[in-house]
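>>> Dropping a prediction and its sequence here:
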Amino acid sequence: MRLDVLFGEVITDVLTGTARIIVNALAALLVCAIVVVDVCTVADQAGHAETIRSSGGAVYVVTAEGAIDAGACEALATEAGTEAGALRDRTTGAVPLRLPASTLPVKEVSPGFVRILLAGEDVDDGILLGADAAMAFGVAPTPQDDDAFVRLDSAVVELREGVAEVSVVYAWPDDGRRPGMSYAAVMQVPGSGLFDECWVSTWPQREDMDVMLRSVLSPEAADIKPRVAQLNARYGDSQQFATAFLERPTRWAIAVAGVLAFILGWLSLWLRRLEIASDLNAGVRRTDLFVKVLVHTLLWTTPAFCATVAVGSWLAQCVSCEDGSALWAIGLAGGTAVLSASVIGASVCFCLIREDHLMEYSRKR
């Protein structure tokens, strides 16, 4: 059969409804809806994970007054995706000249702590002010909306002990995280000596998290039992996110969609077995006929494939986190599973249809 005649047959089958393109395409879209449900589930989990991260839920605080080894704490940041830094309260706070009756708490921190506070950024010099402290002392601008911090060029705060240059104003929203940092001054000091706390931010969560957190104690304080707490526990434990993803109810959606697509591909040809056997009996080559039904199958599976990938890509753009790429991957995997399983099902069914069964097919019709 010449190529133009072959594709003319394809077009005729589509226009006359013989190939059942519309019905099969709608059925394929229903099968892909199973994958879309899984994509939406993962999108919801990814959005929740981003909420945990942005609110400080991925930060764990080890507290042991005067017993935290700052060097050991900073050393935890050697792994990719991990930031760690030490903090201690200065014995004497700062007294602003503008508010002489109040005392501004001063936090002495190691360089790694600054990177946690500023989402991975560093500060060379100057102090860091919490947003509430900056507003009280008339330091502007302050962080707006989703900004974690604002760098300042020439802002100063007049204190009783002298003038302090402010390099950064950081945000500390009231979203469930531990209070006390918004009205405070953070002063960077060398990362050595003993501190009161070690803050560790890591994503994704490491399996050795508990052992890692307890390794920051000074050797001289081995008898002290440190306290470990999540900086913000309002939105759940970030260590449970990986488990929630792996155990989600829709984790078998792609496999189920693939099985259903195989059955759909099989039925799409089994319902046409009389027509196919008749064409074979009329002398149509089996290869030509296979190409024709394969094109039919691709015509009704391609829209479902494109729709699934499009939904995954759209949701990946809507989720503002690194996990968004997983949504596109799930959509692509699900769409590919439906398309390939449909083609395989149709191909297997075609191979089992025989010309010499024509009379049997006719009777069973």
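Arrived safely, thanks for sending. Values in this document were obtained by computation on a predicted structure and should not be read as measured data.
>>> count of neighbours near D13?
Neighbourhood size, D13 [other CB atoms under 10 Å]: 20. From N, CA and C alone the C-beta is placed, and that goes for glycine too.
>>> hang on, isn't it packed against H296?
Yes. Using CB atoms under 8 Å, D13 makes contact with H296 at a distance of 6.6 Å.
>>> I'd like the mean pLDDT over whatever helix or strand W300 lives in, please.
Under the criterion of DSSP states H and E, W300 resides in helix 286-318. The average pLDDT within helix 286-318 is 88.
>>> what does stretch 332-345 give?
Stretch 332-345 carries an average pLDDT of 94.
>>> Could you list the buried residues of it?
332-335, 337-345 (16 or more other CB atoms under 10 Å).
>>> R151 - that's part of a helix, no?
No. Secondary structure of R151 (DSSP: H, G, I helix; E, B strand; the rest coil): strand, not part of a helix.
>>> Relative to P141, how far out is the closest residue to it other than its chain neighbours?
In space, R151 comes closest to V168 once its chain neighbours are excluded; the distance is 5.6 Å by CB to CB, 6 or more residues apart in numbering. In this view, V168 and P141 are 11 Å apart by CB to CB, to the nearest Å.
>>> Pick out whichever of the two has more residues nearby.
Relative neighbour count places V168 above the other of V168 and P141, with 22 against 12, counting by other CB under 10 Å.
>>> Would you mind measuring from the more buried one to N24?
Distance, V168 to N24, using CB to CB: 60 Å.
>>> what do V168 and P141 both touch?
Common neighbours of V168 and P141, using CB atoms under 8 Å, 6 or more residues apart in numbering, are V150, L152.
>>> before we move on, the earlier item: which strands or helices does the helix holding W300 pack on?
Counting contacts by 3 or more CB pairs under 8 Å, 6 or more residues apart in numbering; DSSP states H and E, helix 286-318 packs against helix 3-16, helix 21-54, helix 253-270, helix 273-281, helix 324-352.
>>> Of all those helices, which one is nearest V309?
Among the helices and strands packed on helix 286-318, the nearest to V309 by CB to CB is helix 324-352 (4.8 Å).
>>> surely L264 meets L26?
No. L264 lies out of contact with L26 (CB under 8 Å); the separation is 10.7 Å.
>>> These two: which is more packed in?
L264 (23 against 13).
>>> Now for the more buried one: which residues touch it?
Here L264 is in contact with N24, A27, A28, V31, S342, G345 (CB under 8 Å, 6+ apart).
>>> and I21, what does it touch?
Per CB under 8 Å, 6+ apart, neighbours of I21: V14, H296, L299, W300.
>>> anything in contact with each of D13 and H296?
With CB under 8 Å, 6+ apart, D13 and H296 have common neighbours A19.
>>> hmm, back to that, sort out which residues of the helix holding W300 are buried, please.
289, 291-293, 295-297, 299-301, 304-305, 307-309, 311-313, 315-316.
>>> mind checking pLDDT for V211?
Taking V211 on its own, its pLDDT is 77.
>>> now what about the helix or strand harbouring it, what contacts it?
Assigned by DSSP H and E, V211 belongs to helix 209-213. By CB under 8 Å, 6+ apart, the list of residues contacting helix 209-213 from outside reads Y60, V62, L76, C198, V200, T202, R206, P226, V228, Q239.
>>> Among the residues you listed, find me the one that's closest to R354.
Taking the contacts of helix 209-213 together and measuring to R354 by CB to CB, the closest member is Q239, at 58.5 Å.
>>> Is R88 in contact with G191, as I believe?
No. R88 is beyond contact range of G191, at 11.7 Å (criterion: CB under 8 Å).
>>> quick one, domains of the chain?
Domain ranges of the chain: 3-52+245-364, 58-234, per automatic domain parsing.
>>> ok, back up a step: for the buried ones among the contacts of helix 209-213, write the corresponding PyMOL selection.
Selecting only the buried entries of these in PyMOL, with 16+ other CB under 10 Å as the criterion:
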select buried, resi 60+62+76+198+200+202+206+226+228+239
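>>> and which of the contacts of helix 209-213 is nearest G93?
Looking across these and measuring by CB to CB, the closest to G93 is C198, at 22.1 Å.
>>> So for the helix or strand where that closest one lies, mean pLDDT?
C198 belongs to strand 194-202 when assigned by DSSP H and E. Averaging pLDDT along strand 194-202 yields 91.
>>> CA-only coordinates of that strand in CSV, if you can.
Written as CSV, here are the backbone C-alpha positions of strand 194-202 (Å, rounded to 0.1, in the frame of the first residue of the first chain):
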residue,chain,number,x,y,z
LEU,A,194,31.7,28.3,73.7
PHE,A,195,28.2,29.4,72.8
ASP,A,196,24.7,28.7,74.1
GLU,A,197,23.0,27.4,71.0
CYS,A,198,23.7,25.8,67.6
TRP,A,199,21.3,26.4,64.8
VAL,A,200,21.3,23.9,61.9
SER,A,201,19.3,24.4,58.7
THR,A,202,19.3,21.4,56.3
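>>> ok and that strand relative to helix 21-54, angle-wise?
Angle, strand 194-202 to helix 21-54, by axes from the mean of the first three to the mean of the last three CA atoms, to 10 degrees: 170 degrees.
>>> Quick check: neighbours of strand 194-202 in the sheet, parallel or antiparallel?
Sheet pairing of strand 194-202 (DSSP bridges) gives strand 59-69 (antiparallel), strand 82-89 (antiparallel).
>>> Out of those, the one nearest Y235 is which?
Closest approach to Y235 among the strands paired with strand 194-202 (CB to CB): strand 59-69, 12.4 Å.
>>> got a list of contacts for that closest one?
So strand 59-69 is in contact with 73, 86, 88, 116, 178, 194-201, 209, 213-214, 216-221, 224-232, going by CB under 8 Å, 6+ apart.
>>> Good, wrapping up.
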